[in-house]
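Asks: Provided below for reference: sequence and predicted model.
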Amino acid sequence: MLALRDVSFEYEGAQAVDGITASFDRTQLIALTGPNGSGKSTLLKLVANVLAPRAGEIAFDGKRLRDWPAKEYAKQVAYLPQDPDPTFSMRAIDVVVSGRAPFLGRFAWESDSDYDEAEHALALCDAAHLGGRYLDEMSGGERKRVFLARVLAARPRLILLDEPLASLDISHVQQFSALLRDIVDRTGVTVIYATHDLNWAAAYSDRMLVMQRGSLARDAAPSEVMQPEVVRELFGFDAEAVAMGGRSWLVPKVEKSPS
Amino acid sequence: MLALLLAIALIVASSVGATNVSWRAALSGDETARAILIGIRLPRALLAALVGATLAVAGVTFQTLLRNPLADPFILGVSGGAACGASIATAAGLARLPGVVPGIAFAGACGATAAVFLLARRREYTDPTRLLLSGLVLNAFFSAVILISFGVSRQSDLTAALRWMMGTLFGATWSDVVLLTVLLLIAMVTLATIGNDLRMLAFGEDDAKSRGVQVERVKVIGFITASIVTGAAVSVSGIIGFVGLLVPHLIRLIWRRDFRFLLPLCALGGGVLVVLADLLSRVVVTSSELPIGAFTAVLGVPFFLSLLRRNR
């Protein structure tokens, strides 16, 4: 489906993504992690066709990204930036139906079937009841669901989410992670999402990509990444592995226990 | 509903004035009534509608493009450029020649737009923040030039220049009406063709790009279209404030918030507001005319505030 070969990008001289090679062929939930500034957002933007690589090649279905007509590519790959915020508050259903934009002709308006798709997408995100509400009347968790429905509304084959779990409380992080898992399993879409939450990423995803200073430091199953020595090397974080419920969780090593 | 309101406003506005004449008399062949209604009042009312429509359309376009609810058609220096051109023409003693002030004002508006655009563009990217800043700085520069030109203008020319700066539709002609109609139609068709893309900008440029929108192209087309029609409206009517800022917000409060709905509704709403404001400016004090810009605010602001209170 998606193949990256030696993809690089720099912002005015600062290398952001450096020679990344990876391929994505199966329906999977993929967590993209790495320290702040390691290039996760840039990588997602490159795959989303928001930025063009300075070197290397991205291909989708064997066709180079720059050979795809932008609207056709947008039907295959949907991208959700971090914290999208429309200038004027909108009803959730209008937000979601705008995800159908790649299918609209120049003067066309959304048809009933576009609204059906939007409602279907809202239902998939357990947000059917939010359709008529305005964004500024919603909690952070509800907004996230609406925007997830928006990227689903185009029925893409690949979804890219930039830190969808940021600013959610711990119970919403779990709910939203479970929702992503559920959507991948039910619809067959592949989701790549950037996240800082290693434990939840490992608990729900099939594969973890770890970036470090623009390079892909690891591309492996969660169990391989979730090792204290790996996390120390990649994140500079001292952790202990605790086995619980058949999987391993990383907990911080506290030097001195507070007394 | 808005279209009906506009039609009523136009009929009322053309029926009311310093001289008492009726449409019935004009239609039954009274030459004086005809001359007043068709030669003076109707073109003036129509021009008011067109100017209002143009400013509101430009306003909603700038708000959408800049993703800024405080944007109005004059924010990028279009009005400043026009006023600067007009005041220099006045200082040079050219104001009394017919057609000179509108012509130079339009040239000033285009010059200001081009300057703002060149300042804000780098590496084939038009930065909204840089656009706003360039507009702000140029407007400040233009006010300086205007003040200097006023200082060297003759007293008799100054009154006319001031009236123009505050917005007036005095002396509207059918040729103004035709010109602005054509420009407004072209602008609305152009904006409608990029309407689907403009709407997507509400979610941010990265998001729009990922949806297949050619963001730079849409921005350039939108800015240039809105700036040119604003320049044309300003050159025939002077500077009428509040319409371009207020009407899009009014429409958003009453109806929906999608650019494609806003475009035609703002055109009608802006038309209604300026026709009524112009009517008031003519009838409140019969001995002279008061600035229209004051009445767009007098009419629009209370209405807007009551809507704002009711909505939340």
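Replies: Ah, there it is. All values reported here derive from a predicted model rather than from experimental measurement.

Asks: ok, now how distant is B:Gly270 from B:Ala9?
Replies: B:Gly270 is 12 Å from B:Ala9, where distance means C-beta to C-beta, to the nearest Å. Glycine gets a C-beta too; all of them are placed from N, C-alpha and C.

Asks: who in the stretch 51-200 of chain A is up against chain B?
Replies: By the rule C-beta under 8 Å from any C-beta of the partner chain, the part of the stretch 51-200 of chain A lying against chain B is A:69-74, A:77-81, A:84-90, A:94, A:98-99, A:101-102, A:104, A:106-109.

Asks: Which PyMOL command selects the buried ones in those residues?
Replies: In PyMOL, this line selects whichever of these come out buried by 16 or more other C-beta atoms under 10 Å in any protein chain shown:
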select buried, chain A and resi 70+73+74+77+78+79+80+81+84+86+87+88+89+90+94+98+99+101+102+104
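
Asks: Could you tell me which of the residues of the stretch 51-200 of chain A next to chain B belong to helices?
Replies: Taking DSSP state H, the ones among those that sit in helices are A:Ala70, A:Lys71, A:Glu72, A:Tyr73, A:Ala74, A:Asp94.

Asks: model confidence over stretch B:194-210, on average?
Replies: In this model, stretch B:194-210 has an average pLDDT of 91.

Asks: buried set for the longest helix along chain A?
Replies: Looking across chain A with DSSP H, the single longest helix is helix A:170-187. Buried residues in helix A:170-187, defined by neighbour count with 16+ other C-beta under 10 Å: A:His172, A:Val173, A:Gln174, A:Gln175, A:Phe176, A:Ser177, A:Leu179, A:Leu180, A:Arg181, A:Ile183, A:Val184, A:Thr187.

Asks: And the contacts of it?
Replies: Under the criterion C-beta atoms under 8 Å, 6 or more residues apart in numbering or on different chains, residues A:27-29, A:124-126, A:140-141, A:144-145, A:148, A:152, A:155, A:161, A:164-165, A:168, A:189-191, A:193, A:197, A:200-201, A:203-205 lie in contact with helix A:170-187.

Asks: ok, B:Arg217 to chain A distance?
Replies: To chain A, B:Arg217 is 11 Å away according to C-beta to the nearest C-beta, to the nearest Å.

Asks: Can you tell me the element that residue falls in?
Replies: helix B:215-237 (DSSP states H and E).

Asks: What residues of that helix count as buried?
Replies: B:215, B:218-219, B:221-237.

Asks: go on, stretch B:132-148?
Replies: Within stretch B:132-148, judged by 16+ other C-beta under 10 Å, the buried ones are B:Leu132, B:Ser134, B:Gly135, B:Leu138, B:Asn139, B:Phe141, B:Phe142, B:Val145, B:Ile146.

Asks: any chance of those residues in TSV, with distance to B:Asp258, secondary structure and pLDDT too?
Replies: Formatted as TSV, the buried residues of stretch B:132-148 follow (distance: C-beta to C-beta, whole Å; DSSP: H, G, I helix; E, B strand; the rest coil; pLDDT from 0 to 100):
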residue	distance to B:Asp258	secondary structure	pLDDT
B:Leu132	24	helix	89
B:Ser134	29	helix	90
B:Gly135	26	helix	90
B:Leu138	31	helix	91
B:Asn139	30	helix	89
B:Phe141	36	helix	91
B:Phe142	34	helix	90
B:Val145	40	helix	90
B:Ile146	38	helix	87
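
Asks: so where's the stretch 151-300 of chain B uncertain?
Replies: B:256-257, B:286-287 (pLDDT under 70).

Asks: Contact residues of it facing chain A?
Replies: Within reach of chain A by C-beta under 8 Å from any C-beta, the stretch 151-300 of chain B has these residues: B:192-193, B:195-196, B:199-200, B:202-204, B:206-207, B:209-214, B:252, B:256-258, B:260.

Asks: which of those count as buried?
Replies: Buried by 16+ other C-beta under 10 Å: B:192, B:195-196, B:199-200, B:202-204, B:206-207, B:209-213, B:252, B:257-258, B:260, out of these.

Asks: what about A:Ala52, how many neighbours?
Replies: 11 (other C-beta atoms under 10 Å in any protein chain shown).

Asks: Tell me how far it lies from A:Lys40.
Replies: A:Ala52 is 18 Å from A:Lys40, by C-beta to C-beta.

Asks: and stretch A:242-249, how far out from the chain's middle?
Replies: Mean-position distance between stretch A:242-249 and its chain equals 25 Å (C-alpha atoms, centre = their mean, to the nearest Å).

Asks: Show me how the record splits chain A into domains.
Replies: With domains defined by automatic domain parsing, chain A comprises A:2-225, A:226-259.

Asks: Ranking the ones you listed by mean neighbour count, which comes first?
Replies: Most buried of the domains of chain A by mean neighbour count (mean count of other C-beta atoms under 10 Å in any protein chain shown) is domain A:2-225; its value is a mean of 19.

Asks: Show me which of the buried residues of stretch B:132-148 is closest to chain A.
Replies: Nearest to chain A among those: B:Leu132, at 13.8 Å, using C-beta to the nearest C-beta.

Asks: Isn't that closest one up against B:Leu65?
Replies: No - contact between B:Leu132 and B:Leu65 fails when scored by C-beta atoms under 8 Å: they sit 10.8 Å apart.

Asks: Sticking with residue 32, tell me its helix or strand.
Replies: By default, I'm working from chain A. Using DSSP H and E, the element containing A:Leu32 is strand A:29-33.

Asks: nope, chain B
Replies: helix B:31-34.

Asks: Let me see the ranges of the strands in the stretch 1-150 of chain B.
Replies: B:121-122, B:125-126 (DSSP state E, counting those that start in this stretch).

Asks: per-residue confidence averaged over the last one?
Replies: By that I understand strand B:125-126. The model assigns strand B:125-126 a mean pLDDT of 83.

Asks: Against B:Gly171, how distant is B:Val178?
Replies: According to C-beta to C-beta, B:Val178 stands 16 Å off from B:Gly171.

Asks: Just the CA trace of the helix holding B:Arg217, in PDB.
Replies: The C-alpha coordinates for helix B:215-237 follow below in PDB (Å, rounded to 0.1, in the frame of the first residue of the first chain):
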ATOM      1  CA  VAL B 215      -4.100  26.200  -1.000                       C
ATOM      2  CA  GLU B 216      -1.700  28.800  -2.600                       C
ATOM      3  CA  ARG B 217      -3.800  29.000  -5.700                       C
ATOM      4  CA  VAL B 218      -7.000  29.500  -3.800                       C
ATOM      5  CA  LYS B 219      -5.500  32.100  -1.600                       C
ATOM      6  CA  VAL B 220      -4.100  34.200  -4.400                       C
ATOM      7  CA  ILE B 221      -7.300  34.000  -6.400                       C
ATOM      8  CA  GLY B 222      -9.400  34.900  -3.400                       C
ATOM      9  CA  PHE B 223      -7.200  37.800  -2.200                       C
ATOM     10  CA  ILE B 224      -7.000  39.400  -5.700                       C
ATOM     11  CA  THR B 225     -10.700  39.000  -6.500                       C
ATOM     12  CA  ALA B 226     -11.800  40.500  -3.100                       C
ATOM     13  CA  SER B 227      -9.300  43.300  -3.300                       C
ATOM     14  CA  ILE B 228     -10.200  44.400  -6.800                       C
ATOM     15  CA  VAL B 229     -13.900  44.600  -6.100                       C
ATOM     16  CA  THR B 230     -13.300  46.400  -2.900                       C
ATOM     17  CA  GLY B 231     -11.200  48.900  -4.700                       C
ATOM     18  CA  ALA B 232     -13.900  49.400  -7.300                       C
ATOM     19  CA  ALA B 233     -16.600  49.900  -4.600                       C
ATOM     20  CA  VAL B 234     -14.400  52.300  -2.600                       C
ATOM     21  CA  SER B 235     -13.700  54.300  -5.800                       C
ATOM     22  CA  VAL B 236     -17.400  55.000  -6.400                       C
ATOM     23  CA  SER B 237     -18.600  55.400  -2.900                       C
END
